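> mind looking at a prediction? Sequence and model below.
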Amino acid sequence: MPDPALDPSTDPKSLDDASWNVLLNPAQFAILRRSATERAWSGPWLDTTAPGTYRCAGCGSILYEGAHKFHSGCGWPSFFQEASPGALRTVVDRSHGMVRTEMRCARCDGHLGHIFDDAPHTPTGLRHCVNGHALVFVPDGADPAEVIRRHRAAS
Ligand SMILES: [Zn+2]
């Protein structure tokens, strides 16, 4: 099966749910492909401060830089900006009786989390509240494909 995280020539938008279900672990599938939200404080990367990049667990696209992460105390990894313009796309989410800005990976359209403007102490004032299971942290110098493969195998 073509794997967009390991083979950059694969168009991840061409994959159907059955393919994603094989590629991703259950938590990753529920969040990226079903827009689920992990319970606060339950996901990975909350305390990660090492230099590196946070990649989409589905397609490997670089979504965030470690330098843009901050401690929000909200229970999910938080960033004040995306790694580069166009890494994300946003949509208005009217579920659960709220109007929120949802963000999705621009490359594979996987659900990531929501953006809130309640972080006045950051350079942008924004809090990108991201499900940890939607991300894989790749430390500087590590092989992204290898790290992503290892995290998908963990449930
Ligand atoms: Zn993606």
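Everything's here; your move.
> let's verify the residue nearest to residue 106 when sequence neighbours are not counted: helix, strand, or coil?
Using C-beta to C-beta, 6 or more residues apart in numbering and skipping the chain neighbours, the partner closest in space to residue 106 is residue 89 (4.8 Å). Every residue, glycine included, has its C-beta placed from N, CA and C. Taken by DSSP: H, G, I helix; E, B strand; the rest coil, the conformation at residue 89 corresponds to strand.
> report the contact partners of residue 89.
Contact criterion C-beta atoms under 8 Å, 6 or more residues apart in numbering gives 103, 104, 105, 106, 109 as the residues in contact with residue 89.
> what does residue 4 give?
Applying C-beta under 8 Å, 6+ apart to residue 4 gives the contacts 10, 11, 12, 15, 58, 59, 60, 107, 108.
> for it, phi and psi?
Torsion angles at residue 4 (phi, psi; degrees, to the nearest 10) stand at phi -60, psi -20.
> just give the nearest non-adjacent residue to it, would you?
residue 12 (3.6 Å).
> residues contacting the one you found?
Counting by C-beta under 8 Å, 6+ apart, residue 12 touches 4, 58, 59, 107, 108, 109.
> also within reach of the ion: list those from those.
Applying C-beta under 5 Å from the ion to those, one finds that 58, 59, 107, 108 fall near the ion.
> out of those, which two sit at the greatest distance?
Checked with C-beta to C-beta, the ones next to the ion among the contacts of residue 12 reach their widest spread between 58 and 107, with 8.5 Å between them.
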